[in-house]
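In: Turn this into a model:
(one chain, ligands or ions: 1)
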Amino acid sequence: MDKTIVILTGAGISAESGIPTFRASDGLWCNHPIEDVATPQGYRRNPKLVHEFYNARRAQLKEVIPNAAHHAIAELAANWDGKLFLITQNVDDLHDRATQATTPKPAFRLIHMHGELRKARCEKSGSIFDWQENIDGDSHCDCCNAPGNLRPHIVWFNEMPLEMDVIDEAASSCDLFMSIGTSGNVYPAAGLVHTARTYGRAHTVELNLEPSAGESLFHEKIYGPATKTVPEYVRRILAGGVV
Ligand code: BJW
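Out: Numbers count the residues shown, from 1 in each chain. Reported below is the predicted structural model:
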């Protein structure tokens, strides 16, 4: 029977492409308190600061490319006969670009549970737009054709992550759960390994630079840079050596 794989990725998978992680000492938040740039309250207080933070990160996407870890997962998406859910906490588009370079199987799904830098959302209508350029208080949305309603399509603290029904269903019925490049500090993403183990009876594996906060919930732990560990592990999966 075809098996289901769930892969959860975090900032660590994009680190070797040149995108800083969050919680490293020189990470994305080192000059920006979390409450200022990653909460709806911070956005209400100072929308200009928040727009500048995300505009800079959106602009940086033009200078980075997917690395060997993104490409290895895209290879898996193109060759895995069962279901494959790639659930990323990352708001960059490196998984999108890597998988677009292959032909993923129809049962492949990529879900950006914390939103996407290259999208903007109208706060009035909820409409979501592809967005490549800066957003500011003068940006117009096509739905209201008025300024000031557009915000980054990002899930901040105290907001509901996207597609949780699909994610919970996938985690609770998968055979293999892989967590790559995430510190395991942010819920509900950090709780998915528990769901996969308890309800899905999945084999769980962590591929990270160092043990994550949820390390004890993983059957298998592999520590090292994602560009090395992920291609090796994907080769093992495709050779039939994991599930
Ligand atoms: C490498 C590497 C290399 C480096 N190779 N590895 C339960 C308990 C307690 C609290 C809560 C709870 N449930 C909810 C909460 C509250 C809150 C929360 O989790 N708070 C915690 C701080 C405790 N969660 C929320 O508010 C969420 N919403 C919510 O819960 O809604 C209600 C709800 C109820 C019931 C069901 C469902 C929902 C929303 C969370 C939104 C998070 N948003 C952010 C910022 C926005 C996006 C952005 O600006 O980009 O998303 S926070 C930030 O953290 C970002 C990330 O996606 C997220 C995770 O970070 P990540 O990816 O793990 O990065 P790092 O930097 O922490 O770790 C990188 C790792 O990579 C490290 O381990 C390195 O070692 C490793 N690494 N280089 C491999 N080369």
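In: Around the residue nearest to residue 234 when sequence neighbours are not counted, how many other residues sit close by?
Out: Setting aside the residues directly before and after it, residue 234 is nearest to residue 72 in space (Cβ to Cβ, 6 or more residues apart in numbering), at 4.3 Å. Where C-beta positions appear, they are placed from N, C-alpha and C, glycine not excepted. Burial of residue 72, expressed as a neighbour count using other Cβ atoms under 10 Å, amounts to 22.
In: what's the spacing between residue 72 and residue 7?
Out: Between residue 72 and residue 7 the distance, using Cβ to Cβ, to the nearest Å, works out to 10 Å.
In: picking that back up, okay but the residue nearest to residue 234 is in contact with residue 231, surely?
Out: Yes. Taking contacts as Cβ atoms under 8 Å, residue 72 lies within contact range of residue 231: 4.1 Å.
In: what do those two both touch?
Out: The overlap between the contact sets of residue 72 and residue 231 (Cβ atoms under 8 Å, 6 or more residues apart in numbering) is empty.
In: and the helix or strand of the chain at the bottom of the mean pLDDT ranking, anywhere near the ligand?
Out: Sorting the helices and strands of the chain by mean pLDDT, DSSP states H and E puts helix 34-37 at the bottom, at a mean of 90. No. Contact of helix 34-37 with the ligand is not found when judged by Cβ under 6 Å from any ligand atom; the minimum separation is 6.9 Å.
In: For that helix, C-alpha coordinates in PDB please.
Out: Once non-C-alpha atoms are left out, helix 34-37 reads as follows in PDB (Å, rounded to 0.1, in the frame of the first residue of the first chain):
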ATOM      1  CA  ILE A  34       9.200  39.800  18.400                       C
ATOM      2  CA  GLU A  35       6.300  41.800  19.800                       C
ATOM      3  CA  ASP A  36       7.000  44.600  17.400                       C
ATOM      4  CA  VAL A  37       7.200  42.700  14.100                       C
END
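In: what sits up against the next helix-or-strand element following that helix?
Out: Secondary structure here is assigned by DSSP states H and E; on that basis, the next helix or strand after helix 34-37 toward the C-terminus is helix 40-45. With Cβ under 8 Å, 6+ apart as the contact definition, helix 40-45 has outside contacts at 35, 36, 49, 50, 151, 156, 158, 159.
In: Now do the strands in the protein.
Out: Ranges of strands within the chain are 4-9, 83-88, 108-112, 115-122, 128-130, 150-154, 176-180, 203-208, 220-223, based on DSSP state E.
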